[in-house]
Structure formats: structure tokens, C-alpha cells
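Participant: Sequence plus the predicted model coming up.
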2 protein chains.
Amino acid sequence: MIEENNIFIGNKPVMNYVLAVVTQINEGKTEVNIRARGRAISKAVDVAEIIKNRFLPGSEIGEIKTHTEEITNPDGRITKVSTIEIPIISSND
Amino acid sequence: MIEENNIFIGNKPVMNYVLAVVTQINEGKTEVNIRARGRAISKAVDVAEIIKNRFLPGSEIGEIKTHTEEITNPDGRITKVSTIEIPIISSND
């Protein structure tokens, strides 16, 4: 079974997301995906780097993927937005 | 010989960087690295996605890497900043 563990990056402070990921890993998850779109992408990279360097030095960043999503605005226009997916792979097993 | 082709993302409009990368690929480069740090990381992902989807459909995004750099401010404090490196691999050969 594939585990689906996603943390979506929004407007909260960086450390909230760091702790959300670290908590999931400490509960035994072997992989947690940090996901973001648009301007939150920079924050997603900060979250991954802080986890790897400061909180879970045994963890690794897996294959980072980017995509483009189409969003329909309330006025009907379609906007494109970039997304990122950063897997944190724990040293648990 | 390893080619070193870096485009650094700054404050200019996204399309400037898209065209800089596309120009290098059209001149025969087989790989161009889009690099950014801090808040410019989101823009770097936009640049890569626009190139892949709209300008060079035969190109691929290679292995994306992230790092942390230390910057010394004018007042002597050290700040950490996340960086990203997104390789665009052309279908030229």
C-alpha cells in the first residue's frame, strides 16, 4: 500500500509546517510530501531544508517534482499556477 | 568537459528568464541550469514550467536540487537562505 502523506504549505509560519512534517515522521511515516503552489513554493523549500539540516539530519529529500495546474477564477478566467512536491524520506524503517 | 550554463533568477519579469534559457538551448546547449534563492525560487519553478510546456516541449526538467546558503549581512549577522537548481535538458544532441 502506498502511503499518502501530504503537508500543504499555506500562509502560516514556516515552523508550523516543519513541525507538522517532523511529527508525522516521528509517528513512523517513512515518507512525507511537502506540497505547495505559487508563491508558497519558496516556503516549501525552506521547510524541506530546515527539516533536513536541523531536525532530521538522517532524512533525505527525494525526487522533487514540479507541475502546472489550471485554476478557474470566480470571473471565469483560467490562470496557470506552478506547483512543487518535495518528498522527505525518513531514515525510519 | 562539463558545460556550466547557469541562469540566475532575480527581479526581472518571468519571460526575460524564459527567453534567456530558450536562447541558450537554441544556440546548442544541451543543459541549462535555472538557479534561484529565497523568494525567487517560486519564479524559478514558473520559468521551468513555462519552458517545458510552452517553448520547448521536447525538453525535460532534470534532477532538481535544493541547498542552504549562509549570507553575512552588512551588520555581521548570518542569515540562512534556501537555494534551488533546476536543470533544463534539451532534446538537442
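Facilitator: That came through, no problem. Values in this document were obtained by computation on a predicted structure and should not be read as measured data. Numbering: from 1, shown residues only, chains lettered A, B, ... in the order given.
Participant: Can you tell me how far the closest residue to residue A:9 other than its chain neighbours is from residue A:63?
Facilitator: Leaving aside its chain neighbours, residue A:9 sits nearest to residue A:36 (3.9 Å; criterion: C-beta to C-beta, 6 or more residues apart in numbering or on different chains). No exception for glycine: its C-beta is placed from N, CA and C like everyone else's. Distance, residue A:36 to residue A:63, using C-beta to C-beta, to the nearest Å: 16 Å.
Participant: Between those two, tell me which one has more neighbours.
Facilitator: residue A:36 (24 against 10; other C-beta atoms under 10 Å in any protein chain shown).
Participant: That one contacts residue A:8, correct?
Facilitator: Yes - the criterion here is C-beta atoms under 8 Å, and residue A:36 meets it with residue A:8 at 7.1 Å.
Participant: Secondary structure element holding the residue nearest to residue A:9?
Facilitator: Element membership for residue A:36, per DSSP states H and E: strand A:31-37.
Participant: packing partners for that strand?
Facilitator: Applying 3 or more C-beta pairs under 8 Å, 6 or more residues apart in numbering or on different chains; DSSP states H and E, we find strand A:31-37 packed against strand A:6-8, helix A:14-26, helix A:40-50, strand A:78-89.
Participant: center of chain A, which residue is that?
Facilitator: Centroid check for chain A by C-alpha atoms, centre = their mean gives residue A:34 as the closest residue, at 1.0 Å.
Participant: Thanks a lot, catch you later.
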